[in-house]
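**Q** Got a sequence here, can you model it:
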Amino acid sequence: QVQLVESGGGLVQAGGSLRLSCAASGRTYSMYAMAWFRQAPGKEREFVAAMRWSDSSVYYADSVKGRFTISRNNAILTIYLQMNVLKPEDTAVYYCAASDRNRGTYLYTHEYDYWGQGTQVTVSS
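**A** Coordinates of the predicted model:
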């Protein structure tokens with residue numbers, strides 16, 4: 001099992017920035033990728049960004065490219081999501097996820113085996 005704990009959400013004005021963190025523990029040696037997803041009220045959970053652990057390849061949803069950056073700190077098994085130029089439509093609960101599958105696009109919820117509890121991000125206009 002892998003445990004994931006997110007932090008860093010909050011309320012910010014449009015145009016502002018936030019950084020989310022996700023600390024992993026447990027069977028972290030089995031992880032092949034980690035990602036961020038988000039879910040707005042009444043909508044399905046959607047992909048935001050992912051990083052493949054083996055070579056640090058990164059993937060972004062078109063809606064966040066150029067504004068969000070995913071990164072990691074191997075020493076403390078933590079990934080981050082730096083979110084800049086935030087928009088009201090970025091308002092959602094943000095979830096960290098980990099995959100123990102060595103193949104995949106890593107763009108879809110069904111490819112991930114472990115999930116954090118979520119952290120709320122609210123962007124006011």
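
**Q** CA atoms for contacts and neighbours, from now on please.
**A** OK.

**Q** Not counting sequence-adjacent ones, nearest residue to the residue most central in space within the chain?
**A** For the chain, Trp36 is the residue whose C-alpha lies nearest the centre (Cα atoms, centre = their mean; 1.8 Å). In space, and not counting its chain neighbours, Trp36 is closest to Cys96: 4.7 Å by Cα to Cα, 6 or more residues apart in numbering.

**Q** C-terminal to the helix or strand harbouring that neighbour, what's the next element?
**A** Counting by DSSP states H and E, the element that carries Cys96 is strand 92-99. For strand 92-99, the succeeding helix or strand toward the C-terminus, using DSSP H and E, is strand 114-115.

**Q** Packing partners of the next helix or strand after that next one?
**A** As assigned by DSSP H and E, the chain's next helix or strand after strand 114-115 is strand 119-124. Applying 3 or more Cα pairs under 8 Å, 6 or more residues apart in numbering; DSSP states H and E, one finds that strand 119-124 contacts strand 10-13, strand 92-99.

**Q** Thank you, goodbye.
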